[in-house]
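Chemist: need a structure here:
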Amino acid sequence: MQGKKPSRAPARKRPDAEPANVVSDNTLERGERIAKVMARAGLCSRREAETWIEAGRVQLNGKVLATPAITVSANDKVLVDGEPLPMRERTRLWLYHKPRGLVTTNKDPEGRPTVFERLPKELPRVLTVGRLDINTEGLLLLTNDGGLARVLELPSTGWLRRYRVRAFGKITQADLDGLQDGIAVEGVLYGAIEATLDKEQGGNIWLTVGLREGKNREVKRVLEHLGLTVNRLIRISYGPFQLMDLPDNDVREIRGRILRDQLGEALANEAGADFDAPIFHQPQQETPKKSPANRRSSESGSGRKSGDRGGNQGKWLTAREGKSETDKRKTAKTDRQDRKQAKRGGAGPRQEKVSPRSKFRMTSEPKPRKEFGEQRRSPQRRIWSEDGLLEDKAQQNRADQDNKDGRRPPKGGGRPRGGGRS
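Modeler: Sure thing, here's the model as predicted:
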């Protein structure tokens with residue numbers, strides 16, 4: 001089994017024999033490569049698994065492996081560094097909003113920041129479904145199942161990937177419609193591309209581009225072939241999953257039921273997805289923030305003893321206890337007011353707050369009422385005639401008589417205010 005050529009899987013044990021280590025429930029009827037099994041267990045990637053096997057860190061049924069070209073089944077016992085493989089976790093999928101400036105790789109030889117360095121620490125070991133360039137932003141799918149990542153990357157899956165593109169240059173919708181039949185650029189044949197001209201903004205244009213293959217730098221190379229220079233590229237959807245309002249550098253998990261419905265039975269079987277396995281990496285639950293009122297009530301409740309009747313909610317009080325409780329509350333209220341007065345630094349007595357819309361506003365110094373002699377008189381009536389302006393002598397005589405007697409004529413004429421007629 002350690003020869004250079006791939007050997008067959010060891011014979012299954014009898015039904016009454018208990019398996020030493022269950023590798024996967026899906027491998028009971030078909031075997032899988034040892035590197036793939038290790039990757040699905042979350043230990044490492046397939047390439048790292050091959051390196052570990054060559055270093056002699058992996059044992060199969062008590063023998064050290066020398067080649068990764070081995071197929072294992074559920075009845076085989078696999079040890080890595082003397083420890084059995086962990087149980088396989090449930091197939092999960094996350095949406096990640098990748099910002100610009102991050103490389104989609106585990107380790108970058110140039111030392112540039114990677115996507116995996118920005119992911120939350122509570123996430124398990126995940127893989128990316130496809131890649132995005134360092135200057136491309138938008139939706140990036142993450143999964144803990146290598147088989148699911150591989151199936152979703154295949155062009156045969158037929159999932160449409162949509163992009164919002166800003167490019168410099170001019171183009172017509174007729175030129176973009178020609179991409180529906182495919183195009184060859186520098187000997188590379190690209191499949192059908194759906195492109196729509198959205199708007200023109202200065203020297204730039206905005207496009208919506210949809211494709212199903214997702215070859216390396218496909219959008220940029222095709223648009224450059226048409227005379228456009230792409231200066232911003234955002235992936236807004238991948239199959240049925242949308243970017244929506246997901247913030248930059250944020251992660252959102254897809255629920256298991258929704259993931260199973262979107263994949264369908266055919267894709268789930270092809271990927272070997274397991275929706276019945278347990279979940280070992282649970283996200284940390286955020287503690288809800290308490291409002292000031294709830295915080296005060298919790299603090300006061302925690303500070304009481306078990307026999308304290310300070311709250312008295314739902315309990316009967318005697319007359320003496322009720323008076324004592326009322327006096328305590330009044331004293332506490334007076335103390336709070338004194339402390340507030342002390343904080344004001346003796347600024348004087350507290351001013352009453354009156355609404356500016358109030359008709360009867362309070363003032364510190366009320367204005368004195370005017371005497372009768374100081375009241376403003378109504379202007380003298382003037383009479384116009386054919387000969388010009390005439391003075392009303394009768395009105396002048398009445399005004400002089402009122403000033404002499406110290407009486408003020410009633411408002412609205414001499415009619416009584418009672419409203420009745422004499």
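Chemist: where does the protein dip in pLDDT?
Modeler: The chain contains residues with pLDDT under 70 at 1-30, 42, 281-318, 344-396, 402, 405-422.
Chemist: the closest residue to residue 57 other than its chain neighbours and residue 43, how far apart?
Modeler: Sequence neighbours aside, residue 81 is the residue nearest to residue 57 in space, at 5.4 Å (criterion: C-beta to C-beta, 6 or more residues apart in numbering). From N, CA and C alone the C-beta is placed, and that goes for glycine too. As judged by C-beta to C-beta, to the nearest Å, residue 81 and residue 43 stand 10 Å apart.
Chemist: out of the two, which sits in the more crowded spot?
Modeler: Taking other C-beta atoms under 10 Å, residue 81 and residue 43 do not tie; residue 43 has more neighbours (18 against 9).
Chemist: how does this protein divide into domains?
Modeler: 1-88, 93-271 (automatic domain parsing).
Chemist: got those as JSON lines, with distance to residue 325 columns?
Modeler: Formatted as JSON lines, the domains of the chain follow (distance: least, C-beta to C-beta, whole Å):
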{"stretch": "domain 1-88", "distance to residue 325": "59"}
{"stretch": "domain 93-271", "distance to residue 325": "48"}
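Chemist: residue 133: what's it in contact with?
Modeler: Applying C-beta atoms under 8 Å, 6 or more residues apart in numbering, we find residue 133 in contact with 104, 217, 233.
Chemist: doesn't it lie inside a strand?
Modeler: No - Residue 133: not assigned to a strand; according to DSSP: H, G, I helix; E, B strand; the rest coil it is coil.
Chemist: where does it fall, phi/psi-wise?
Modeler: With angles defined as degrees, to the nearest 10, residue 133 shows backbone torsions of phi -60, psi 170.
Chemist: ditto for residue 327
Modeler: Main-chain torsions, residue 327, degrees, to the nearest 10: phi -60, psi -40.
Chemist: what about it, neighbour count?
Modeler: 10.
Chemist: and for residue 230?
Modeler: Residue 230 is flanked by 22 other residues according to other C-beta under 10 Å.
Chemist: again with residue 84
Modeler: Residue 84 has 15 neighbouring residues, counting by other C-beta under 10 Å.
Chemist: and what of residue 107?
Modeler: Residue 107: 9 surrounding residues under other C-beta under 10 Å.
Chemist: again, but for residue 90
Modeler: Using other C-beta under 10 Å, residue 90 has 17 neighbouring residues.
Chemist: where along the stretch 201-350 of the chain do the helices fall?
Modeler: Assigned by DSSP state H, counting those that start in this stretch, the helices in the stretch 201-350 of the chain fall at 218-225, 256-271, 292-303, 319-343.
Chemist: could I get those as CSV with distance to residue 144?
Modeler: As requested, the helices of the stretch 201-350 of the chain are exported to CSV (distance: least, C-beta to C-beta, whole Å):
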stretch, distance to residue 144
helix 218-225, 27
helix 256-271, 12
helix 292-303, 38
helix 319-343, 56
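Chemist: out of the ones you listed, deepest packed?
Modeler: Highest mean neighbour count among the helices of the stretch 201-350 of the chain (mean count of other C-beta atoms under 10 Å): helix 218-225, with a mean of 19.
Chemist: contacts for that one, please.
Modeler: By C-beta under 8 Å, 6+ apart, helix 218-225 touches 163, 165, 167, 179, 183, 185-186, 188, 190, 193, 207, 209, 211, 229-230, 233.
Chemist: narrow these to those in strands?
Modeler: 163, 165, 167, 183, 185, 188, 190, 193, 207, 209, 211, 229-230, 233 (DSSP state E).
Chemist: now residue 188. Nearest residue, chain neighbours left out?
Modeler: Nearest one to residue 188, counting by C-beta to C-beta, 6+ apart, is residue 215 at 7.3 Å.
Chemist: isn't the one you found right up against residue 190?
Modeler: Yes - if you go by C-beta atoms under 8 Å, residue 215 and residue 190 touch, sitting 6.6 Å apart.
Chemist: separation between residue 101 and residue 216?
Modeler: As defined by C-beta to C-beta, residue 101 lies at a distance of 19 Å from residue 216.
Chemist: make a ChimeraX selection of the buried ones in the contacts of helix 218-225.
Modeler: Command for ChimeraX that selects the buried part of the contacts of helix 218-225, burial taken from 16 or more other C-beta atoms under 10 Å:
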select :163,165,167,179,183,190,193,207,209,211,230,233
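Chemist: name the nearest of the contacts of helix 218-225 relative to residue 31.
Modeler: residue 211 (35.4 Å; C-beta to C-beta).
Chemist: so that closest one versus residue 220, what's the distance?
Modeler: To residue 220, residue 211 is 12 Å away according to C-beta to C-beta.
Chemist: same thing with residue 34?
Modeler: Counting by C-beta to C-beta - residue 34 and residue 220 are separated by 39 Å.
Chemist: and if you look at residue 31?
Modeler: 41 Å.
Chemist: and what of residue 198?
Modeler: As judged by C-beta to C-beta, residue 198 and residue 220 stand 18 Å apart.
Chemist: same check on residue 341?
Modeler: For residue 341, the distance to residue 220 equals 70 Å [C-beta to C-beta].
Chemist: next: residue 191.
Modeler: Going from residue 191 to residue 220 by C-beta to C-beta gives 16 Å.
Chemist: one more: residue 177?
Modeler: On the measure of C-beta to C-beta, residue 177 and residue 220 end up 20 Å apart.
Chemist: quick one: residues contacting residue 143.
Modeler: Taking C-beta under 8 Å, 6+ apart, we find residue 143 in contact with 91, 92, 93, 94, 126, 127, 129, 149, 152.
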